[in-house]
Structure formats: structure tokens, C-alpha cells
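A.B. asks: All I have is the shape, not the residue letters:
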């Protein structure tokens, strides 16, 4: 992904919190599995020292929020461990932080291919 030395924030929440975030930031009712909030370096400068916000380092990609309840449902449906579902959602969220999207069939196919490659690399790193 060419994001060496980049940082992200990750929050694992329940459906209740995810519903609130989904409504507030996407105008959608109901829960969702993952939300990504990209953070631009210009924003980091604006929210740096003296702006009343904690100093956010340059290179901060943003936040990924995952609903553990939805991850569990997806894991049960796919008959996979919860860890595998969480990995998939985290990779999906990180891809969004890096500008990938799935608004069209072509974009979705490209994103799915990237996801599968990253998940395979992750499994290899873990020796699975």
C-alpha cells in the first residue's frame, strides 16, 4: 500500500455505537460493519499544537471503526473465526483510508483483489 511509517487509529465498537456513527457521518440508519475516516496532513497541521487538539503526527492516515457485533455475525455466516472477520474488516477499512472505494463494479473488483492479496500476506506473516 506504500504506507510505510504511517499510523492509523482503530476502534472496535458494538452495534449501538456503530448505528450512531453511521447515522451521524453517513446519514444511514442501522449498523454497518466498518467505517473509515481518512485524515489529511493539512488537517493534522490545523489540529496541531495550539489548536486545542492533541498533536496528530504527520502521516496519520485516519481512523477505522469496526462493529464487533457485525463482525461476529459475518464470521458465523462464513463459518470462520471471529479473528478472520476482524482481519478482513480492518484491511477493508485501511484500503478506504488509502483511497480505495467500491462504488462501481470495477472499483469493487479492484478493491476485493487488493483485500485478498493483503489478507493472504497477513496469513503468511502469521504462518497460517
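C.D. replies: Yep, it's here. Keep in mind the model is a prediction, meaning the values are calculated, not measured. Residues are numbered from 1 along each chain as shown.
A.B. asks: Report the separation between the most centrally placed residue in the chain and residue 79.
C.D. replies: A centroid search over the chain (Cα atoms, centre = their mean) returns residue 93, at 2.1 Å, as the residue closest to the centre. Note on residue 93: its distance to residue 79, by Cβ to Cβ, to the nearest Å, is 23 Å. C-beta here means a position set from N, CA and C on the backbone, and glycine is covered the same way.
A.B. asks: Please tell me I have it right and residue 111 contacts residue 93.
C.D. replies: No - if you go by Cβ atoms under 8 Å, residue 111 and residue 93 don't touch, sitting 11.5 Å apart.
A.B. asks: where does residue 103 land in three-state SS?
C.D. replies: Following DSSP: H, G, I helix; E, B strand; the rest coil, residue 103 is assigned to coil.
A.B. asks: And it, how far from residue 96?
C.D. replies: Taken as Cβ to Cβ, the span from residue 103 to residue 96 is 11 Å.
A.B. asks: what's residue 29 in contact with, if anything?
C.D. replies: Shown in contact with residue 29 (Cβ atoms under 8 Å, 6 or more residues apart in numbering): 19, 22, 23.
A.B. asks: remind me which residues of the protein are low pLDDT?
C.D. replies: Residues of the chain meeting the criterion pLDDT under 70: 1-2, 40-58, 128.
A.B. asks: Quick one: the helices in it, in order.
C.D. replies: 15-26, 41-46, 68-78, 82-97, 105-126 (DSSP state H).
A.B. asks: and those helices as JSON lines, adding distance to residue 4?
C.D. replies: JSON lines is the format used below for the helices of the chain (distance: least, Cβ to Cβ, whole Å):
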{"stretch": "helix 15-26", "distance to residue 4": "28"}
{"stretch": "helix 41-46", "distance to residue 4": "16"}
{"stretch": "helix 68-78", "distance to residue 4": "27"}
{"stretch": "helix 82-97", "distance to residue 4": "13"}
{"stretch": "helix 105-126", "distance to residue 4": "14"}
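A.B. asks: out of those, deepest packed?
C.D. replies: helix 82-97 (a mean of 20; mean count of other Cβ atoms under 10 Å).
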